[in-house]
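Enquirer: model the following, please.
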Amino acid sequence: MRNWVFKEMQYKHLPVLRKEVVHYLNLKNGDIVFDGTLGGAGHTIEIIKAIAPTGKIIGVDLDSQATGTAARNIEYAGFGGLAHIIKGNYSNIKKILNALKIRQINGFLLDLGLSSIQLGESGKGFSYMRKEKLDMRFDEESDISAFDIVNNYQEDRLKEIFYKFGEEPWAARIAAEIIKRRKVKPVEFTDELVEIIKNSIPLKYRRRGHPAKRVFQAIRIETNCELENLKTALCDGLELLVPGARMAIISFHSLEDRIVKEYFETFAGRCKCPPGMPVCICGAKKRGNIVTKKPVKPSEAELKKNPRAKSAKLRVFEKI
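Expert: Numbers count the residues shown, from 1 in each chain. A predicted model of the protein is given here:
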């Protein structure tokens, strides 16, 4: 069993910007840290090393497969006694910490990317490169799945989420083609959806990356309410940080990064009033400082080991 766990940690889960995350969180022995995207525990174990032997980490993930894998990896690394592993949504940070009787934290981390395990082995249809049933739920107990969205949403709603959450320029054509196809039979598998998307996009535009990438992203975001959960977690996470503690967020697409950037600017007290206003009326209040003026990106050395890290951006905020 131990060899299997070691292999899983070393070859299947490559935490992005691992050293940078630990550096920027600026942790010390005895700190309490909230890791809202546990995954395979790659970041988690490095954080535990920084806060051991008296610190604690609360590792949260919606995916029961991820929490099981993470628990085994943490136990194998010898840190089982320092971690609370919880199946849940990071947007519920207040409830989670309250249940543990923890009032404040010294660090907050979200890695918003999909792990290799989720893409390759979950069987939930996250990847457009594999034939799997359309699901895309991080939490298998959630009421709505990708299948429900693709087969039940009205055409206008499909078009809206493809454009809003995927920034897909061919959203209208793809939505119309889905409606046409599902009248014949439900769209059940990822390869069926990929075929619909390809047939909806003119051939000369299909060469700009995989044609299904944006739509799959949009459906996944809608299925899991990802952007709304992120906004809630940023606000509640900041509230629970002690003064001087830091929040680190790794995003992988422009929608997430834009939210993180704008929220950090708001937390830093940026006034949102229209130009020319004699006094501020938006209620801007400085709650801390942006540590990373520009997002931190993976090094060339890291990208050689993990090409999937290419779009990763790390932003860090420190509470005052």
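Enquirer: going forward, measure contacts and count neighbours with C-alpha atoms only.
Expert: Fine.
Enquirer: tell me the spacing between Gly59 and Leu134.
Expert: For Gly59, the distance to Leu134 equals 27 Å [C-alpha to C-alpha, to the nearest Å].
Enquirer: could you do Arg18 as well?
Expert: 31 Å.
Enquirer: among those two, which residue is more densely surrounded?
Expert: Comparing Arg18 with Leu134 by other C-alpha atoms under 10 Å, the one with more neighbours is Leu134, at 25 against 17.
Enquirer: that one touches Asp191, doesn't it?
Expert: No - in this structure, Leu134 is not within contact of Asp191 by C-alpha atoms under 8 Å, at 9.3 Å.
Enquirer: can you tell me which helix or strand Val33 belongs to?
Expert: Val33 belongs to strand 32-35 when assigned by DSSP states H and E.
Enquirer: so Arg246, which of the three states?
Expert: Here Arg246 is recorded as strand under DSSP: H, G, I helix; E, B strand; the rest coil.
Enquirer: got the contact list for it?
Expert: Applying C-alpha atoms under 8 Å, 6 or more residues apart in numbering, we find Arg246 in contact with Tyr24, Leu25, Asn26, Asn106, Gly107, Phe108, Val316, Phe317, Glu318, Lys319.
Enquirer: my read is the fourth one is in a helix, agree?
Expert: Spelled out, it's Asn106. No - with three-state DSSP as the criterion, Asn106 is located in strand rather than a helix.
Enquirer: quick one: end-to-end distance for stretch 110-129.
Expert: Separation of the first and last residues of stretch 110-129 by C-alpha to C-alpha is 26 Å.
Enquirer: since we're on the spatially closest residue to Pro53 that is not a sequence neighbour, how many residues are nearby?
Expert: Residue nearest to Pro53 in three dimensions, not counting chain neighbours: Asn29, with 6.7 Å by C-alpha to C-alpha, 6 or more residues apart in numbering. Using other C-alpha under 10 Å, Asn29 has 14 other residues around it.
Enquirer: isn't there a helix covering Asn29?
Expert: No - Asn29: not assigned to a helix; according to three-state DSSP it is coil.
Enquirer: ok, it to Ile249 distance?
Expert: 22 Å.
Enquirer: before we move on, back to that, just how off-centre is the strand holding Val33 within its chain?
Expert: 16 Å (C-alpha atoms, centre = their mean, to the nearest Å).
Enquirer: got a list of what Glu177 touches?
Expert: By C-alpha under 8 Å, 6+ apart, the contact list for Glu177 reads Ile196, Ile197, Ser200.
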